[in-house]
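Enquirer: Sequence first, then the predicted structure:
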Amino acid sequence: MSAVWEKSDRVTCTHPGWTTLRGWGAVAGSFFALFQNSQSLQFVLTEERISVEGDVAWVSVDENLLGDQGGATVAALNVFVRDGRRWAMAAHHGSVVSGPELTAD
């Protein structure tokens, strides 16, 4: 996960049910804690949408989680920035989908 992120004070991450974490240290610590969990967890990504404008990109995706204790769907939005040739995540926000799917078509 470390290779994906920008290592700066401006990064933010909101895991489902958590308050927003700010800065690389807090974000890195959260993923370290999540990956230390002994529960087996699989991510199946669906509904991927990518938009790019200059040196900024945003990716929306449904993260379908399958684990030892059941499953859930998290609607996620990720913001990436490009510094030269490298893209790095600057923000992640995930929210649990808890009811019937609603669309705003």
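Expert: The structure has been received and is ready for your questions.
Enquirer: and Val61, how many neighbours?
Expert: Neighbour count for Val61, taken as other CB atoms under 10 Å: 18. Glycine gets a C-beta too; all of them are placed from N, C-alpha and C.
Enquirer: I figured Val4 hits Met89, correct?
Expert: Yes - judged on CB atoms under 8 Å, Val4 makes contact with Met89 at a distance of 5.1 Å.
Enquirer: who has more neighbours, the two?
Expert: Using other CB under 10 Å as the criterion, Val4 and Met89 rank with Met89 on top: 19 against 12.
Enquirer: tell me the SS of the more buried one?
Expert: For Met89, the assignment made with DSSP: H, G, I helix; E, B strand; the rest coil gives strand.
Enquirer: Can you name the residues bridging to it?
Expert: Assessed by DSSP bridges, Met89 has beta-bridge partners Trp5, Phe80.
Enquirer: cool, Arg22 as well?
Expert: Taking DSSP bridges as the rule, Arg22 bridges to Thr12.
Enquirer: Show me the contact partners of the least confident helix or strand in the chain by mean pLDDT.
Expert: Lowest on mean pLDDT, DSSP states H and E among the helices and strands of the chain sits helix 24-36, with a mean of 90. Contact with helix 24-36 is made by 1-2, 5-9, 11-13, 15, 18, 21, as judged by CB atoms under 8 Å, 6 or more residues apart in numbering.
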